[in-house]
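S.K.: coordinates only, no sequence provided:
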């Protein structure tokens with residue numbers, strides 16, 4: 001009886017029937033998760049790259065103009081839409097002209113005060129805005145309000161010469177992943193948003209005006 005049990009035990013140990021099935025059941029969900037993660041990561045990086053390129057493209061276009069009109073703002077927003085295809089509703093575009101002012105002492109001629117001012121600020125918002133999109137913010141359009149001079153301390157403004165101007169182009173692009181990965185231990189990319197702020201000097205050296 002003892003010898004029989006030993007032979008049966010050795011046979012069970014050597015038997016590999018069903019091992020492939022067990023390994024497949026264990027590995028397959030991990031493989032699916034890895035493939036889905038790779039796809040979502042690639043799509044997220046592709047979207048942020050397109051959003052950044054759109055901001056630089058719009059900034060370069062505006063810097064070559066001598067004025068911006070409401071019609072041009074709409075066309076630039078449509079360009080942003082075309083440069084970031086398949087992105088969800090909720091995008092906005094804001095363009096602001098900022099000028100640097102230096103005040104000089106009348107007697108000595110030395111600078112005694114300097115500050116930045118907003119010459120003008122305009123924005124376009126996606127008409128199909130979804131208030132449910134945004135990272136912890138139910139209403140991202142509040143960031144698309146025109147910038148005021150008192151808002152400038154919140155910005156990292158470039159060093160400028162007296163009376164010099166820059167055009168600030170800001171874009172906001174919400175992101176929705178193509179796959180919902182929340183089923184995998186709560187992993188999700190929903191709620192991400194891409195914001196870009198680009199500064200450009202007017203190519204002509206003359207302040208760009210807004211013509212209403």
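M.R.: Yes, it's here. Quick caveat, the model's predicted, so the values are computed rather than measured.

S.K.: my guess is residue 207 is in a helix, correct?
M.R.: No. Assessed with DSSP: H, G, I helix; E, B strand; the rest coil, residue 207 is coil; it does not lie in a helix.

S.K.: in stretch 60-69, what's buried?
M.R.: 61, 62, 63, 68 (16 or more other CB atoms under 10 Å). (C-beta placed from N, C-alpha, C; glycine too.)

S.K.: I meant stretch 67-77, not that one.
M.R.: So stretch 67-77, judged by 16+ other CB under 10 Å, has buried residues 68, 72, 73, 76, 77.

S.K.: wait, the second one sits on residue 65?
M.R.: Going back to what we said before, that points to residue 72. Yes. Shown here, residue 72 and residue 65 form a contact pair, counting by CB atoms under 8 Å, at 7.5 Å.

S.K.: now do the strands in this protein.
M.R.: For the chain, the strands defined by DSSP state E occupy 67-68, 92-104, 111-125, 165-174, 193-200, 209-210.

S.K.: pull the longest helix from this protein.
M.R.: Identified as the longest helix of the chain according to DSSP state H is helix 19-63.

S.K.: report the angle between that one and strand 92-104.
M.R.: Note on geometry: by axes from the mean of the first three to the mean of the last three CA atoms, to 10 degrees, helix 19-63 and strand 92-104 are set 50 degrees apart in direction.

S.K.: list the helices and strands helix 19-63 packs on?
M.R.: helix 70-83, strand 92-104, strand 165-174, strand 193-200 (3 or more CB pairs under 8 Å, 6 or more residues apart in numbering; DSSP states H and E).

S.K.: quick one: mean pLDDT over that helix.
M.R.: When pLDDT is averaged over helix 19-63, the result is 83.

S.K.: now the angle from it to helix 70-83?
M.R.: Using the same axes, to 10 degrees: helix 19-63 against helix 70-83 is 160 degrees.

S.K.: gap between helix 19-63 and the chain center?
M.R.: 15 Å (CA atoms, centre = their mean, to the nearest Å).

S.K.: ok, stretch 96-103 next?
M.R.: Distance, centroid of stretch 96-103 to centroid of chain: 27 Å (CA atoms, centre = their mean).

S.K.: would you mark the buried spots in it?
M.R.: Result for stretch 96-103 [16+ other CB under 10 Å]: buried residues 96, 97, 98, 99, 100.

S.K.: who's the second one bridged to?
M.R.: I take that to be residue 97. residue 120, residue 167 (DSSP bridges).

S.K.: thinking again about what came up before, which one of the buried residues of stretch 60-69 is nearest residue 84?
M.R.: Closest approach between the buried residues of stretch 60-69 and residue 84, by CB to CB: residue 61, at 15.7 Å.
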